[in-house]
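A.B. asks: Build me a structure from this.
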Amino acid sequence: MTSTKFKSILKITGIIASLLVLTGVLVLLWRSFFASGYGTYSGQISFYLFTFPVALIILGVAALIIFVLLIWKKTALYLKMIWSVSCISFLGLAFLSGIQNQQYAGSIGIETAFMDNYTFSFSDTDMYSDLEEDVVYKTTEDEDLLLDVWDTKVNDEQRPVIVNIHGGGWSGGDKSEVSSWSKWFNSKGYVVFNIEYSQNGPGMWQKQISDTHAALDWIVEHADEYQLDVDRINLIGSSAGGHLALLTGYTELRGNSLVPRETDSDSTVEINSIINLYGPSDLLQLYDENNSKEFVHPLLEQLLDEPPKTEEIKNHYQQMSPIQYVNETSAPTISFVGQKDKVVPEEQIEILHEKLDENKVDSQAYYFPLSDHSYDTNWESIANQATKQKIEAFLNEYN
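C.D. replies: Residues are numbered from 1 along each chain as shown. As a prediction, the model looks like this:
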């Protein structure tokens, strides 16, 4: 192969690569700003880059290096423009998300460390006293359901409780996936119970809420063993876990029926507060109004057995919607969501807190700009820094 032919091939390869990069940048910007397509490859890439903006900085610096090399080699103007646009887009998006979230944090009275946003951080503490794994809290014909106990020695009197319900689209996920939050709550003096729930077979929508209520009953029954204050039980969940935390906190299980909790009921479990991390509140509306239907529809159809095409199935969706059970005795609730959440639209939080306000229930809701679903995966993101501070203040107020 002659030198001239090799240079020609190299040039064509560079042009194709540059055009592919430009296409990728445009798709990334589209997915980022219009919060759609979580079930697509581009949507997933957008999610990870938004969650860990340090990756955007790395890409931006790489694009800048290539841009400088193109200037040095005196290459075609359009190639320089492609890589300059790529550089500006990557770096601009990285810092824009940080700046907007820091401004929002400031508007709600929270101080954050800006540069901590640009790390690959999954947890900031390893402080916990004892971890007791795989304790059986319920036995069914098909399986033993387990929970983990994160004990604490921060105090040795009656300790407040966090019940942590993992997400995963109702059909996936694991109790170990929320260990960062459990360690954090544990370091604040809470005994934390990470619970699992049924994720297979028909009737999942009935099994799961039965499981979460059974876990609460088990915790109360073992209160003396773990020195728990049963008047300070708090629920937290993320995504599908947030939905289950809301539904569990707002209801009682009587036979096979869910009914709203009442203060004068004979329930053995009282819920002090509920922390909802981007969990949906109205499943029927979520099915109809969602930016990632190719991802969300199969999850809901698996949970509720079918799409909501008949009145009977629509009724199942409504029965599994926390918003249906809100009343004046509902537990104080705090919710968090990203305004660019591709899975759970911010409207799911808005309608819930409108209903809570109507019933004069103490509640708080926070909406982080340019933040996607599961933004707390980046433990030190600006959005999660604000989330942790708001949760701590909320728990201090209601415990």
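A.B. asks: from here on, contacts and neighbour counts on C-alpha atoms
C.D. replies: Noted.
A.B. asks: in the stretch 101-250 of the chain, which spans are strands?
C.D. replies: 130-139, 144-151, 159-165, 191-195, 228-238 (DSSP state E, counting those that start in this stretch).
A.B. asks: For the first one, the averaged confidence score.
C.D. replies: The pLDDT scores in strand 130-139 average 91.
A.B. asks: Likewise for the second one?
C.D. replies: Taken as a whole, strand 144-151 carries a mean pLDDT of 93.
A.B. asks: ok, and for it, which residues are buried?
C.D. replies: 145-151 (16 or more other CA atoms under 10 Å).
A.B. asks: most packed of the strands of the stretch 101-250 of the chain?
C.D. replies: Compared across those, strand 191-195 shows the largest average neighbour count, a mean of 27 (mean count of other CA atoms under 10 Å).
A.B. asks: Centre of the chain to that strand, how far?
C.D. replies: Distance, stretch centre to chain centre, for strand 191-195: 18 Å (CA atoms, centre = their mean, to the nearest Å).
A.B. asks: neighbouring strands for it, and are they parallel or not?
C.D. replies: strand 144-151 (antiparallel), strand 159-165 (parallel) (DSSP bridges).
A.B. asks: who's in contact with the shortest one?
C.D. replies: Spelled out, it's strand 159-165. With CA atoms under 8 Å, 6 or more residues apart in numbering as the test, strand 159-165 has contacts from 175, 178, 182, 185, 189-196, 227-238, 241-242, 244-245, 399.
A.B. asks: Would you mind pulling up the elements that whichever strand or helix holds residue 69 packs against?
C.D. replies: For residue 69, the element it lies in under DSSP states H and E is helix 54-72. If you count contacts as 3 or more CA pairs under 8 Å, 6 or more residues apart in numbering; DSSP states H and E, helix 54-72 packs onto helix 41-51, helix 77-107.
A.B. asks: those helices in the stretch 251-399 of the chain, which residues are they?
C.D. replies: Counting by DSSP state H, counting those that start in this stretch, the stretch 251-399 of the chain has helices at residues 283-288, 293-303, 311-319, 346-358, 382-398.
A.B. asks: re the thing from before, just so I know, which of the strands paired with strand 191-195 lies nearest residue 362?
C.D. replies: strand 159-165 (18.9 Å; CA to CA).
A.B. asks: between the strands of the stretch 101-250 of the chain, which one is nearest to residue 119?
C.D. replies: Judging the strands of the stretch 101-250 of the chain by CA to CA, what sits closest to residue 119 is strand 228-238, at 21.7 Å.
A.B. asks: helices or strands up against the closest one?
C.D. replies: strand 159-165, helix 240-250, strand 273-277.
A.B. asks: So what's the residue count around residue 239?
C.D. replies: Neighbour count of residue 239, defined by other CA atoms under 10 Å: 24.
A.B. asks: ok, it - contacts?
C.D. replies: With CA under 8 Å, 6+ apart, residue 239 has these contacts: 166-169, 276-280, 344, 374.
A.B. asks: Return a ChimeraX selection command for the buried portion of the residues you listed.
C.D. replies: Remark: buried members of the contacts of residue 239, expressed as a ChimeraX selection using 16+ other CA under 10 Å:
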select :166,167,169,276,277,278,279,280,344,374
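A.B. asks: okay if I get the contacts of residue 239 as TSV plus pLDDT?
C.D. replies: Below are those laid out as TSV (pLDDT from 0 to 100):
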residue	pLDDT
166	95
167	93
168	92
169	92
276	98
277	98
278	97
279	97
280	97
344	96
374	90
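A.B. asks: Pick out whichever of the contacts of residue 239 sits closest to residue 117.
C.D. replies: Once CA to CA is applied, the member of those that ends up nearest residue 117 is residue 374, at 14.7 Å.
A.B. asks: how close does the closest one sit to residue 269?
C.D. replies: 29 Å (CA to CA, to the nearest Å).
A.B. asks: repeat for residue 319
C.D. replies: Taking CA to CA, one finds residue 319 at 21 Å from residue 269.
A.B. asks: what's the least confident stretch among the helices and strands packed on helix 54-72?
C.D. replies: Looking at those, the weakest mean confidence is helix 41-51, a mean of 81.
A.B. asks: for it, packing partners?
C.D. replies: helix 3-34, helix 54-72.
A.B. asks: That one: which residues count as buried?
C.D. replies: 42-44, 46-51.
A.B. asks: try stretch 203-214
C.D. replies: Under 16+ other CA under 10 Å, the buried positions of stretch 203-214 are 204-214.
A.B. asks: okay, those in CSV with pLDDT and distance to residue 89 next?
C.D. replies: Formatted as CSV, the buried residues of stretch 203-214 follow (pLDDT from 0 to 100; distance: CA to CA, whole Å):
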residue, pLDDT, distance to residue 89
204, 83, 43
205, 83, 43
206, 85, 46
207, 90, 46
208, 92, 43
209, 92, 44
210, 92, 48
211, 94, 46
212, 95, 44
213, 95, 48
214, 94, 50
